[in-house]
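[1] show me how the following folds:
(one chain, ligands or ions: 1)
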Amino acid sequence: MSENPIQSLFQTAQKISTSIETHLSNLLSHSTRHSRPNHKPFSSQKISSYATPSYPDTTSMQSIDITHKPAAPVTKEVLGRATWTFLHILAAQYPDHPTRQQKKDVKELMAILSRMYPCGECADHFKEVLRANPVETGSHAEFSRWLCRVHNVVNRSLGKPIFPCERVDGRWGKVECEQRACDVLGSLPNFGEENRQ
Ligand SMILES: Cc1cc2nc3c(=O)[nH]c(=O)nc-3n(C[C@H](O)[C@H](O)[C@H](O)COP(=O)(O)OP(=O)(O)OC[C@H]3O[C@@H](n4cnc5c(N)ncnc54)[C@H](O)[C@@H]3O)c2cc1C
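    Prediction:
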(Lines give C-alpha, C1' and ligand atoms only; values in the text may rest on other atoms or scores of the structure.)
Protein backbone atom coordinates (compact mmCIF):
# COMPACT_ATOMS: atom_id res chain seq x y z
CA MET A 1 0.00 0.00 0.00
CA SER A 2 1.59 3.32 -1.02
CA GLU A 3 -1.18 5.80 -0.43
CA ASN A 4 -0.04 9.42 -0.27
CA PRO A 5 -0.12 10.37 3.46
CA ILE A 6 -1.20 13.96 2.76
CA GLN A 7 -4.07 12.64 0.63
CA SER A 8 -5.19 10.31 3.45
CA LEU A 9 -4.96 13.23 5.85
CA PHE A 10 -7.17 15.37 3.62
CA GLN A 11 -9.66 12.52 3.23
CA THR A 12 -9.84 12.06 6.99
CA ALA A 13 -10.21 15.81 7.53
CA GLN A 14 -12.96 15.91 4.93
CA LYS A 15 -14.85 13.04 6.66
CA ILE A 16 -14.53 14.79 10.02
CA SER A 17 -15.69 18.08 8.52
CA THR A 18 -18.71 16.41 6.88
CA SER A 19 -19.57 14.70 10.14
CA ILE A 20 -19.30 17.96 12.13
CA GLU A 21 -21.44 19.73 9.54
CA THR A 22 -24.10 17.01 9.77
CA HIS A 23 -24.11 17.15 13.58
CA LEU A 24 -24.28 20.95 13.62
CA SER A 25 -27.01 20.89 11.01
CA ASN A 26 -29.01 18.40 13.10
CA LEU A 27 -28.40 20.45 16.20
CA LEU A 28 -29.50 23.68 14.56
CA SER A 29 -32.66 22.15 13.06
CA HIS A 30 -33.38 20.61 16.50
CA SER A 31 -33.07 24.01 18.21
CA THR A 32 -35.23 25.56 15.45
CA ARG A 33 -38.01 23.15 16.25
CA HIS A 34 -37.73 23.67 19.99
CA SER A 35 -36.80 27.27 20.64
CA ARG A 36 -36.19 29.53 17.64
CA PRO A 37 -39.03 29.62 15.14
CA ASN A 38 -37.26 32.18 12.84
CA HIS A 39 -34.02 30.28 12.74
CA LYS A 40 -32.29 30.25 9.30
CA PRO A 41 -31.02 27.03 7.70
CA PHE A 42 -27.42 25.98 8.43
CA SER A 43 -26.04 27.26 5.11
CA SER A 44 -26.81 30.86 5.97
CA GLN A 45 -25.87 30.72 9.65
CA LYS A 46 -22.97 32.51 11.32
CA ILE A 47 -20.79 30.10 13.25
CA SER A 48 -17.46 30.22 15.02
CA SER A 49 -14.30 29.32 13.09
CA TYR A 50 -11.33 27.24 14.17
CA ALA A 51 -9.29 29.22 11.64
CA THR A 52 -9.55 32.36 13.77
CA PRO A 53 -6.15 32.82 15.43
CA SER A 54 -7.60 34.21 18.66
CA TYR A 55 -9.87 31.18 19.25
CA PRO A 56 -13.07 33.01 20.26
CA ASP A 57 -14.97 31.63 23.23
CA THR A 58 -18.35 29.99 22.89
CA THR A 59 -20.18 33.24 23.66
CA SER A 60 -19.12 34.52 20.22
CA MET A 61 -20.34 31.38 18.42
CA GLN A 62 -22.63 33.38 16.12
CA SER A 63 -20.12 36.11 15.21
CA ILE A 64 -18.45 35.00 11.97
CA ASP A 65 -20.33 34.76 8.69
CA ILE A 66 -18.83 31.87 6.71
CA THR A 67 -21.06 32.28 3.70
CA HIS A 68 -20.15 35.73 2.36
CA LYS A 69 -16.58 36.63 3.34
CA PRO A 70 -13.32 34.73 3.00
CA ALA A 71 -11.87 33.61 6.34
CA ALA A 72 -9.24 35.81 7.97
CA PRO A 73 -5.68 34.95 6.93
CA VAL A 74 -3.82 32.56 9.23
CA THR A 75 -0.48 33.82 10.53
CA LYS A 76 2.81 31.94 10.06
CA GLU A 77 2.90 31.48 13.83
CA VAL A 78 -0.55 29.84 14.08
CA LEU A 79 0.19 27.64 11.08
CA GLY A 80 3.59 26.72 12.54
CA ARG A 81 2.23 25.80 15.98
CA ALA A 82 -0.54 23.68 14.43
CA THR A 83 1.93 21.90 12.15
CA TRP A 84 4.46 21.21 14.91
CA THR A 85 1.61 19.89 17.08
CA PHE A 86 0.55 17.53 14.31
CA LEU A 87 4.12 16.37 13.66
CA HIS A 88 5.10 15.86 17.31
CA ILE A 89 1.90 13.90 18.02
CA LEU A 90 2.54 11.82 14.92
CA ALA A 91 6.02 11.12 16.31
CA ALA A 92 4.58 10.28 19.75
CA GLN A 93 2.41 7.60 18.12
CA TYR A 94 5.09 6.38 15.73
CA PRO A 95 5.72 2.71 16.61
CA ASP A 96 8.84 1.32 18.26
CA HIS A 97 9.05 -1.17 15.40
CA PRO A 98 7.71 0.58 12.32
CA THR A 99 6.95 -1.30 9.12
CA ARG A 100 8.84 -0.52 5.94
CA GLN A 101 5.71 1.25 4.68
CA GLN A 102 5.54 3.46 7.79
CA LYS A 103 9.18 4.46 7.39
CA LYS A 104 8.54 5.30 3.74
CA ASP A 105 5.36 7.27 4.60
CA VAL A 106 7.14 9.42 7.18
CA LYS A 107 9.98 10.24 4.77
CA GLU A 108 7.46 11.13 2.06
CA LEU A 109 5.42 13.24 4.45
CA MET A 110 8.48 15.31 5.34
CA ALA A 111 9.47 15.65 1.68
CA ILE A 112 5.94 16.74 0.76
CA LEU A 113 5.91 19.24 3.64
CA SER A 114 9.14 20.75 2.37
CA ARG A 115 7.50 21.26 -1.04
CA MET A 116 3.91 22.09 -0.13
CA TYR A 117 4.06 23.77 3.30
CA PRO A 118 1.80 26.81 2.82
CA CYS A 119 4.51 29.35 3.75
CA GLY A 120 7.03 29.58 0.93
CA GLU A 121 10.04 30.82 2.91
CA CYS A 122 9.41 28.21 5.63
CA ALA A 123 9.19 25.42 3.02
CA ASP A 124 12.45 26.55 1.39
CA HIS A 125 14.17 26.70 4.77
CA PHE A 126 12.79 23.28 5.70
CA LYS A 127 14.20 21.79 2.47
CA GLU A 128 17.68 22.89 3.56
CA VAL A 129 17.07 21.57 7.08
CA LEU A 130 16.07 18.17 5.64
CA ARG A 131 19.11 18.07 3.37
CA ALA A 132 21.40 18.64 6.36
CA ASN A 133 19.37 16.32 8.64
CA PRO A 134 17.99 13.31 6.74
CA VAL A 135 14.83 11.90 8.34
CA GLU A 136 15.49 9.16 10.92
CA THR A 137 12.64 6.68 10.91
CA GLY A 138 14.03 3.55 12.61
CA SER A 139 11.85 3.70 15.73
CA HIS A 140 9.65 5.95 17.84
CA ALA A 141 12.69 7.13 19.84
CA GLU A 142 14.72 7.84 16.72
CA PHE A 143 11.97 9.72 14.87
CA SER A 144 10.76 11.80 17.83
CA ARG A 145 14.35 12.85 18.72
CA TRP A 146 15.07 13.66 15.08
CA LEU A 147 11.92 15.80 14.87
CA CYS A 148 12.88 17.58 18.07
CA ARG A 149 16.33 18.33 16.66
CA VAL A 150 14.99 19.74 13.38
CA HIS A 151 12.39 21.79 15.28
CA ASN A 152 15.33 23.17 17.25
CA VAL A 153 17.15 24.04 14.01
CA VAL A 154 14.10 26.14 13.05
CA ASN A 155 13.91 27.56 16.59
CA ARG A 156 17.55 28.60 16.43
CA SER A 157 17.10 30.34 13.09
CA LEU A 158 14.18 32.32 14.56
CA GLY A 159 16.02 33.19 17.78
CA LYS A 160 13.67 31.01 19.87
CA PRO A 161 14.75 28.92 22.89
CA ILE A 162 16.15 25.43 22.27
CA PHE A 163 13.97 22.63 23.58
CA PRO A 164 15.70 19.84 25.60
CA CYS A 165 15.08 16.80 23.40
CA GLU A 166 15.47 14.30 26.23
CA ARG A 167 12.12 15.69 27.47
CA VAL A 168 10.24 15.39 24.19
CA ASP A 169 8.18 12.37 25.34
CA GLY A 170 7.10 14.38 28.39
CA ARG A 171 5.97 17.31 26.25
CA TRP A 172 4.13 15.44 23.46
CA GLY A 173 1.79 12.57 24.25
CA LYS A 174 -0.42 10.41 22.11
CA VAL A 175 -3.97 11.35 21.12
CA GLU A 176 -6.41 10.26 23.80
CA CYS A 177 -8.54 7.57 22.22
CA GLU A 178 -10.50 4.67 23.58
CA GLN A 179 -9.73 1.07 22.68
CA ARG A 180 -6.58 1.93 20.73
CA ALA A 181 -8.67 3.53 18.00
CA CYS A 182 -5.88 6.07 17.39
CA ASP A 183 -3.07 3.60 16.93
CA VAL A 184 -1.03 4.28 13.85
CA LEU A 185 -2.14 1.78 11.24
CA GLY A 186 0.19 -1.17 11.28
CA SER A 187 1.29 -0.83 14.91
CA LEU A 188 -1.22 -3.39 16.18
CA PRO A 189 0.27 -6.80 16.94
CA ASN A 190 0.72 -8.98 13.84
CA PHE A 191 -0.34 -6.21 11.49
CA GLY A 192 2.02 -5.53 8.60
CA GLU A 193 4.50 -8.21 9.68
CA GLU A 194 5.20 -8.93 6.03
CA ASN A 195 6.42 -5.32 5.56
CA ARG A 196 8.79 -5.38 8.49
CA GLN A 197 12.48 -4.97 7.72
C1 LIG B 1 8.36 22.81 9.05
C2 LIG B 1 8.26 24.22 9.59
C3 LIG B 1 9.12 25.20 9.16
C4 LIG B 1 9.00 26.51 9.63
N5 LIG B 1 9.83 27.48 9.14
C6 LIG B 1 9.66 28.76 9.52
C7 LIG B 1 10.45 29.81 8.97
O8 LIG B 1 11.33 29.55 8.13
N9 LIG B 1 10.20 31.09 9.36
C10 LIG B 1 9.22 31.39 10.29
O11 LIG B 1 9.03 32.56 10.62
N12 LIG B 1 8.48 30.40 10.86
C13 LIG B 1 8.66 29.12 10.49
N14 LIG B 1 7.90 28.14 11.04
C15 LIG B 1 6.99 28.46 12.19
C16 LIG B 1 7.78 28.45 13.50
O17 LIG B 1 8.58 27.29 13.63
C18 LIG B 1 6.87 28.49 14.74
O19 LIG B 1 5.90 27.46 14.64
C20 LIG B 1 6.14 29.82 14.95
O21 LIG B 1 7.06 30.88 14.96
C22 LIG B 1 5.38 29.82 16.31
O23 LIG B 1 6.33 29.59 17.33
P24 LIG B 1 6.01 29.28 18.84
O25 LIG B 1 7.00 30.05 19.65
O26 LIG B 1 4.57 29.46 19.14
O27 LIG B 1 6.34 27.73 19.08
P28 LIG B 1 6.55 26.54 18.00
O29 LIG B 1 7.94 26.59 17.48
O30 LIG B 1 5.43 26.57 17.04
O31 LIG B 1 6.42 25.29 18.96
C32 LIG B 1 5.17 24.87 19.51
C33 LIG B 1 5.46 24.25 20.86
O34 LIG B 1 6.32 23.13 20.65
C35 LIG B 1 7.21 22.96 21.76
N36 LIG B 1 8.55 22.89 21.21
C37 LIG B 1 9.38 23.90 20.87
N38 LIG B 1 10.51 23.43 20.35
C39 LIG B 1 10.40 22.09 20.36
C40 LIG B 1 11.24 21.03 19.97
N41 LIG B 1 12.46 21.26 19.45
N42 LIG B 1 10.82 19.76 20.13
C43 LIG B 1 9.61 19.51 20.66
N44 LIG B 1 8.76 20.46 21.06
C45 LIG B 1 9.15 21.74 20.91
C46 LIG B 1 7.02 24.14 22.68
O47 LIG B 1 6.24 23.71 23.77
C48 LIG B 1 6.24 25.13 21.83
O49 LIG B 1 5.37 25.90 22.57
C50 LIG B 1 7.99 26.83 10.60
C51 LIG B 1 7.14 25.82 11.03
C52 LIG B 1 7.26 24.54 10.53
C53 LIG B 1 6.31 23.46 11.00
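[2] for the closest residue to the ligand within the chain, give me its contacts.
    Nearest residue of the chain to the ligand, counting by C-beta to the nearest ligand atom: G80, 2.2 Å away. C-betas here are computed from N, CA, C, even on glycine. When contacts are counted by C-beta atoms under 8 Å, 6 or more residues apart in numbering, G80 is found next to C119, C122.
[3] how close does it get to W172?
    Noted for G80: a distance of 15 Å to W172, by C-beta to C-beta, to the nearest Å.
[4] can you say which helix or strand has the residue of the chain closest to the ligand in it?
    Counting by DSSP states H and E, the element that carries G80 is helix 76-93.
[5] next: N155.
    N155 belongs to helix 140-157 when elements are defined using DSSP H and E.
[6] try F163
    For F163, there is no host helix or strand (DSSP H and E).
[7] what's the spacing between it and D183?
    Counting by C-beta to C-beta, the gap between F163 and D183 amounts to 26 Å.
[8] burial count for the residue lying closest to S144 once chain neighbours are set aside?
    Excluding the flanking residues, the one nearest S144 by C-beta to C-beta, 6 or more residues apart in numbering is A91, at 4.0 Å. Applying other C-beta atoms under 10 Å, we find 21 residues neighbouring A91.
[9] is it true that A91 touches A141?
    No. Judged on C-beta atoms under 8 Å, A91 makes no contact with A141 at a distance of 9.7 Å.
[10] which bits of the protein sit near the ligand?
    By the rule C-beta under 6 Å from any ligand atom, the part of the chain lying against the ligand is 76-77, 80-81, 83-84, 88, 113, 117, 121-122, 125-126, 148, 151-152, 154-155, 158, 160, 163, 168, 171.
[11] related to what we said a few turns ago, name the helices or strands packed onto the next helix-or-strand element following the helix holding N155?
    Taking DSSP H and E as the definition, the helix or strand that follows helix 140-157 towards the C-terminus is helix 168-171. Secondary-structure packing of helix 168-171 (3 or more C-beta pairs under 8 Å, 6 or more residues apart in numbering; DSSP states H and E): helix 76-93, helix 140-157.
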